[in-house]
Every structure is written in structure tokens, then in C-alpha cells.
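Build the 3D model from these lines:
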Amino acid sequence: MRDLVRVLLIDDDEADRLVVRRGLQQAGLKVETTEAATAAAGVAAFREGTFDCVFLDYRLPDMDGMTTLKSLLDTEDNSAAIIVLTGQGNERLALEMMEVGAVDYLTKDEIGPSVLKRSVRYALARQQFRETRQDLLHRLVVANEELETFCYSVSHDLRAPLRGIDGFCQALQEDCSDQLNALGKQYVKRVRSATDRMTALIDNLLQMSKVNRSELSENTVSLTEIARSVTEELRQAEPDREVSVKIEEGIAVNGDLSLLSAALQNLLDNAWKFTSPRTKAKITFGSTSEGDGQCTYFVTDNGIGFDMTFADRLAVPFHRFENARNFEGTGIGLATVDRIIRRHGGRLWAKSAPNEGATFYFTLGERKKA
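Below you'll find the predicted structure:
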């Protein structure tokens, strides 16, 4: 604990202030005490000075304890540990004040040197933990924002050279075809294929970056209509495939239309893609309600499935399951879906087994059925 503890004591009872002041001295703590008999005087002293610890009486003549506490917490550069002093039988109010921001409370009839020493040490340690946690969270937020910006910038800047590579390869194919042997033509074709894959990867990275950068626009969104639209596009792209798709009617939620469309697009695209080996593919989009009223949405298929041993890596960017490597993809889709769902206050999980299909479940913070 620090050598000198700067204490602000806010209590309208002079006798109670004396008990606390002597108790701190008898506890062997080196303290510098400032006293205030009213909330207004206490808040003014707090804003003018620098304190490590504040003892705040919950009942003051000019302001109630909760309002005083909030005034102290709203002070700029506040880092003091606030301990509430309360009378017997008012512990509930003291606990409410701890929920707002106080770090501890003492009933006045238990105040003594040992209790005060313990309380001050505990309060300072807890306040230090809070400050360290807030600092780490702030650093994490800043680091994530910088990473998102870097990802967006790099992905965006890579587009131009890729267009150049693809353009020159196309020129080789069209203008110099008679000068290339079969092997040369194959090489050019492979380069163009590689640039197409890289372009798709960049597009997916930009989409994933956009998920965290964009503002949520909350509206009523029909997931049923999105599923129908996505399925129709998939059928038009592969009209010869025999796929049975069942879509539950009337599923509507509160959320961002663009982001939820991207999430459902990814889930249905995967279901369509990984059922391609099946002669009779089946895909279902629906919902279930739990006992607590929470609505869970799902996309299920009878495709190739995956090993649940690696389910914890579902939302890791660029991760692809071993049996999925023969299918087109970048490993960004589920990472994007997970971010979208979490931005809506929900979560994403899955159940599957190799060659037994897969079911992807997700919840949303706000949801309703039409």
C-alpha cells in the first residue's frame, strides 16, 4: 500500500468524523485527512484536490448519498476509492451504491482501527484493479481499431496490383496466344485463377472489416425473405442441382438488414456448397424457442459435416476444416458471421459430424416473429 493515503471524509456528524480519523491513525496508517460536513463542500474539495480514498456518509443534510456518489464519480480524472458509511439496517442502499461505483461500505457501529485498515487496503486494491482493467480494455479497443484500419487499408490497396496482374495475363491470352505453347497457356490460366482467389479473399477481408466499422441500423428484418432471396440466387447459379430447401415462414427480427443479410448469405452458401456431393441435398432454415423465451435460429443441411473436435475454431479467420479443402472458399465466411451475430448481442455455434451434415445455430439480442 502507498506510503501516504490522502483521505477525504464527508460526514455531517463531527463525532463520526472524529471516530474515523482516530481509527485510521490507530490503525498505523499514514494519512492526510480533509473533512467536509456537507455534500456540496465534499464534492468541491474532491474536485479541487487529489485523493486516494473517500469515506462518504450515505445520509447528508443537503444531498442524498447516491446523488453525492454520482457527483464524485462524474468528476474528471477521478481515481479515488469510495467507501460508503451507513447506519445499521441500511446495507441494501450501500450495496446499491456499490453497484453504481463505490468499492466498499462500512456500518458506523463496526468502525474500528482493524476494520478501517482492512477496508482502506481492500478499497485501494480494488480501485487499482478497476483502473488496470479499464486501461487494458482501452488498449484492447485501440489495438482492435488499429488492426481493423490496417486490414481495411491493406486489403483495399492490394486490389490495384491484382487488377494489373490479371489484366496483363488477359492480354497475354488474347494478344500473344499464338506465341505460347500449351504449357505457357496453362501457366497464364493458373496465374489468373490465383488472382481470382486472392481477389475473393480481399473482398471477404473487406467485408469482415466492414462488420466492425459500420454503424448498426436497427429495423425489422425478415430473415424468411432473405433466405428465400439467397436460395433463389443459388438455384439460378446451379439450376441442375436437386436441392430440397425448407424455409420457415414469418421469421422477423430487429437488426441491421445489410449485416444480417450477409450472415444468412454465408450460412446458406455454405450449406449449398457442402451438400454438393449429395444426389438429394436438403437444407432447412428455421427457429426454435427455449423455455426462457429466447429464440434460436438455425441452418441445417445433410452435407459433408465436420469433426466437432475443432468446433472451437469455427470463427477463426482463414481456418478451414480438412474435409472442406476440396471446396472453394477463403475461411473468412464464418468469422464474418460470428462478428455480425455478436454485434447483434447474440452468439453462433454448431453441431455436426463427418458425413452427417451440419447445423449452425445463432441467437440475436432483439428478436420477434412476424
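
Give me the buried stretch members for the longest strand along the chain, please.
Longest strand in the chain by number of residues (criterion: DSSP state E): strand 281-289. Neighbour-count burial for strand 281-289, counted by 16 or more other C-beta atoms under 10 Å, picks out Ala281, Lys282, Ile283, Thr284, Phe285, Gly286, Ser287. Every residue, glycine included, has its C-beta placed from N, CA and C.

Quick check: the gap between the fifth one and Glu99.
When C-beta to C-beta, to the nearest Å is the yardstick, Phe285 and Glu99 sit 41 Å from each other.

do the second one as well
Lys282 sits 50 Å away from Glu99, going by C-beta to C-beta.

now swap in the first one and tell me
As judged by C-beta to C-beta, Ala281 and Glu99 stand 53 Å apart.

by contact count, what packs against the longest helix seen in the chain?
Secondary structure assigned by DSSP state H gives helix 113-175 as the longest helix of the chain. Secondary-structure packing of helix 113-175 (3 or more C-beta pairs under 8 Å, 6 or more residues apart in numbering; DSSP states H and E): helix 14-26, strand 53-57, strand 81-86, strand 104-107, helix 182-213.

per-stretch mean pLDDT over these, give me the minimum one.
Lowest mean pLDDT within those: helix 182-213, a mean of 78.

Please identify the next secondary structure element, helix or strand, after that one.
Next in sequence after helix 182-213, counting helices and strands by DSSP states H and E, comes strand 218-222.

For that next one, list every residue counted as buried.
Within strand 218-222, the residues that count as buried by 16+ other C-beta under 10 Å are Val221, Ser222.

Name the strands paired with it and say parallel or antiparallel.
Taking DSSP bridges as the criterion, strand 218-222 forms sheet pairs with strand 251-256 (antiparallel).

Okay, angle between the strand it pairs with and strand 281-289 too, please.
For strand 251-256 against strand 281-289, the angle by axes from the mean of the first three to the mean of the last three C-alpha atoms, to 10 degrees is 80 degrees.

Would you mind listing the buried residues in strand 251-256?
Across strand 251-256, burial judged by 16+ other C-beta under 10 Å covers Ile251, Val253, Gly255, Asp256.

Contacts made by the host helix or strand of Ala227 with the rest, please.
For Ala227, the element it lies in under DSSP H and E is helix 223-237. Residues from elsewhere that reach helix 223-237 (C-beta atoms under 8 Å, 6 or more residues apart in numbering): 241, 243, 245, 247-253, 260-261, 264-265, 268-269, 272, 283, 285, 297, 370.

What residues sit buried inside the next helix-or-strand element following that helix?
Moving toward the C-terminus from helix 223-237, the next helix or strand (DSSP H and E) is strand 243-247. Burial within strand 243-247, assessed by neighbour count using 16+ other C-beta under 10 Å, is assigned to Val243, Val245, Ile247.

And for stretch 225-244?
Ile226, Ala227, Val230, Thr231, Leu234, Val243.

got those as JSON lines, with distance to Asp16 and pLDDT columns?
Formatted as JSON lines, the buried residues of stretch 225-244 follow (distance: C-beta to C-beta, whole Å; pLDDT from 0 to 100):
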{"residue": "Ile226", "distance to Asp16": "64", "pLDDT": "95"}
{"residue": "Ala227", "distance to Asp16": "66", "pLDDT": "95"}
{"residue": "Val230", "distance to Asp16": "68", "pLDDT": "93"}
{"residue": "Thr231", "distance to Asp16": "72", "pLDDT": "94"}
{"residue": "Leu234", "distance to Asp16": "74", "pLDDT": "92"}
{"residue": "Val243", "distance to Asp16": "77", "pLDDT": "93"}
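
can you tell me which of those residues lies nearest to Ala27?
Checking the buried residues of stretch 225-244 against Ala27 with C-beta to C-beta, the nearest one is Ile226 at 64.9 Å.
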